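# Have a look at this fold, sequence not included:
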Ligand code: ADP
């Protein structure tokens with residue numbers, strides 16, 4: 001048995017509509033998801049995430065696709081008996097109870113009645129919804145509906161669970177509950193594939209991630225792999241009105257300022273100074289924090305000396321890895337203009 005739950009090469013999808021130019025939603029996606037891991041697919045709205053999941057679920061046909069799901073070719077319907085799916089924007093009828101929703105989807109996937117009843121109880125327990133099992137969905141919060149949605153995705157005892165935006169619109173407490181459920185599903189030995197545009201969520205639960213931009217995978221791997229060689233130093237001084245100026249004055253002579261991307265007022269508000277040290281490493285001052293794009297502690301020493309000589313109070317010096325958000329921003333920013341790449345395919349955003 002292959003150790004890959006999903007193995008895709010060159011998946012493309014052009015949406016065609018009469019009298020309209022085709023929309024290239026996917027343009028040759030290569031992706032490998034290992035069995036037993038939580039895999040996060042990240043991308044801005046319109047990047048093609050749902051399109052990819054729908055292809056895996058055989059809801060839509062790919063234009064081109066080579067690859068397998070649980071060892072069978074993509075599109076092999078019987079394999080879906082071993083796949084669980086939580087669609088994006090599902091709307092289970094509000095008049096059904098949590099237990100009925102799970103039972104309904106169990107019946108659709110051909111799970112025998114007796115097994116369904118027993119499993120529904122176990123699943124409601126797993127997602128922490130036992131006490132609400134006999135209440136109607138219309139009385140549930142968004143987070144509770146999502147948890148029941150995850151439970152229905154597990155009714156057929158799947159090896160692979162596809163969750164499309166499971167925490168979208170869910171409050172922070174609900175998001176934490178869902179994270180815990182995902183960890184429990186993984187502990188049961190299942191592979192979990194999550195689509196999300198919520199970076200911090202994926203960072204917390206995923207073993208590996210792929211960043212999808214305009215229908216192609218820009219990066220793929222563990223967060224450690226993706227951030228390798230990108231360790232940085234971060235120096236924080238006590239918060240005060242002049243903190244940013246103090247840090248800028250402490251930069252070595254010969255440091256060069258770089259222009260911020262035009263028109264990005266949000267970035268301009270956050271970043272006081274962006275530039276390069278004389279030795280070429282990147283530097284950035286944002287409020288009371290200085291970040292140097294290097295892992296070399298020697299570079300930070302003269303800066304510390306100057307900050308202290310001016311009476312500044314250093315509150316922390318840390319060696320940090322870029323966050324998933326930093327990686328994501330790198331992937332969705334055009335390096336030549338510094339501007340954000342437009343979401344979605346050339347022919348426009350989401351309908
Ligand atoms: P994501 O899930 O990352 O937000 P989608 O897969 O929904 O992205 O969409 C990718 C691109 O395909 C978008 O440009 C979207 O407008 C387009 N698209 C999605 N579904 C259809 C469809 N049924 N017909 C035409 N274009 C579509």
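All right, it came through fine. In this text the structure is predicted, and so the values were computed from the model without any measurement. Residues are numbered from 1 along each chain as shown.
# After the helix or strand harbouring residue 283, which helix or strand is next?
Secondary structure from DSSP states H and E places residue 283 in strand 282-286. Moving toward the C-terminus from strand 282-286, the first helix or strand encountered (DSSP H and E) is strand 289-292.
# That following strand packs against which elements?
With contacts taken as 3 or more CB pairs under 8 Å, 6 or more residues apart in numbering; DSSP states H and E, strand 289-292 sits against strand 232-237, strand 282-286, helix 297-309. C-betas here are computed from N, CA, C, even on glycine.
# Could you tell me the least trusted of the ones you listed?
Comparing the helices and strands packed on strand 289-292 by mean pLDDT, the weakest confidence falls on strand 282-286, with a mean of 88.
# ok, residue 42 - contacts?
For residue 42, the contact set (CB atoms under 8 Å, 6 or more residues apart in numbering) comprises 196-197, 199, 202, 209-212, 324, 328.
# Spatially nearest residue to the residue minimising distance to the centre of the chain, not counting backbone neighbours?
Residue closest to the average C-alpha location in the chain (CA atoms, centre = their mean): residue 42, at 3.7 Å. Take residue 42 and drop its neighbours on the chain: the residue closest to it by CB to CB, 6 or more residues apart in numbering is residue 211, 5.1 Å away.
# Then that neighbour would be within a strand, right?
Yes - judged by DSSP: H, G, I helix; E, B strand; the rest coil, residue 211 forms part of a strand.
# Distance of it relative to the ligand?
Applying CB to the nearest ligand atom, to the nearest Å, the value for residue 211 to the ligand is 11 Å.
# remind me, longest helix of the protein?
The single longest helix within the chain, with elements called by DSSP state H, is helix 172-187.
# Please name every helix or strand in contact with it.
Contact here means 3+ CB pairs under 8 Å, 6+ apart; on that basis helix 172-187 packs against strand 38-42, helix 113-126, helix 142-153, strand 191-196, helix 199-205.
# Out of the ones you listed, which gets nearest to the ligand?
Put simply, out of the helices and strands packed on helix 172-187 the one that sits nearest the ligand is strand 191-196, at 6.6 Å, with distance taken as CB to the nearest ligand atom.
# Paired strands for the closest one, with orientation please.
Applying DSSP bridges, strand 191-196 is found paired with strand 38-42 (parallel), strand 160-164 (parallel).
# ok, back up a step: show the contacting residues for the residue nearest to residue 42.
Contacts were defined as CB under 8 Å, 6+ apart; by that measure residue 211 touches 42-43, 217-220, 327-328, 331-332.
# now swap in residue 37 and tell me
Going by CB under 8 Å, 6+ apart, residue 37 touches 186, 191-192, 207-208.
# looking at these, which has the most residues close by?
Within the contacts of residue 37, neighbour counts (other CB atoms under 10 Å) peak at residue 192, which reaches 29 neighbours.
# Model confidence at the residue nearest to that one when sequence neighbours are not counted, what's the number?
Sequence neighbours aside, residue 38 is the residue nearest to residue 192 in space, at 4.5 Å (criterion: CB to CB, 6+ apart). Looking at residue 38, its pLDDT is 96.
# Check the strands paired with strand 191-196 for me and report the most buried one.
When neighbours are counted by mean count of other CB atoms under 10 Å, the highest per-stretch mean among the strands paired with strand 191-196 falls to strand 38-42, a mean of 26.
# Any chance you could list what contacts the helix or strand following it?
Once strand 38-42 ends, the next helix or strand along the chain (criterion: DSSP H and E) is helix 49-56. If you take CB under 8 Å, 6+ apart as the criterion, helix 49-56 is touched by 6, 11, 13, 25-26, 29, 31, 41, 43, 60-62, 65, 69, 74, 83, 85, 88, 162, 164, 193, 195, 197, 212.
# So which bits of the helix or strand containing residue 99 are buried?
Assigned by DSSP H and E, residue 99 belongs to helix 98-108. Buried residues in helix 98-108, counting neighbours by 16 or more other CB atoms under 10 Å, are found at 98-103, 105-106.
# ok, now stretch 188-199?
190-199.
# want to try a markdown table for these, with pLDDT and distance to the ligand as columns?
As requested, the buried residues of stretch 188-199 are arranged in a markdown table below (pLDDT from 0 to 100; distance: CB to the nearest ligand atom, whole Å):
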| residue | pLDDT | distance to the ligand |
| --- | --- | --- |
| 190 | 96 | 23 |
| 191 | 97 | 20 |
| 192 | 97 | 18 |
| 193 | 97 | 13 |
| 194 | 95 | 12 |
| 195 | 91 | 7 |
| 196 | 86 | 10 |
| 197 | 80 | 7 |
| 198 | 80 | 13 |
| 199 | 81 | 14 |
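# Fine by me, we can end here.
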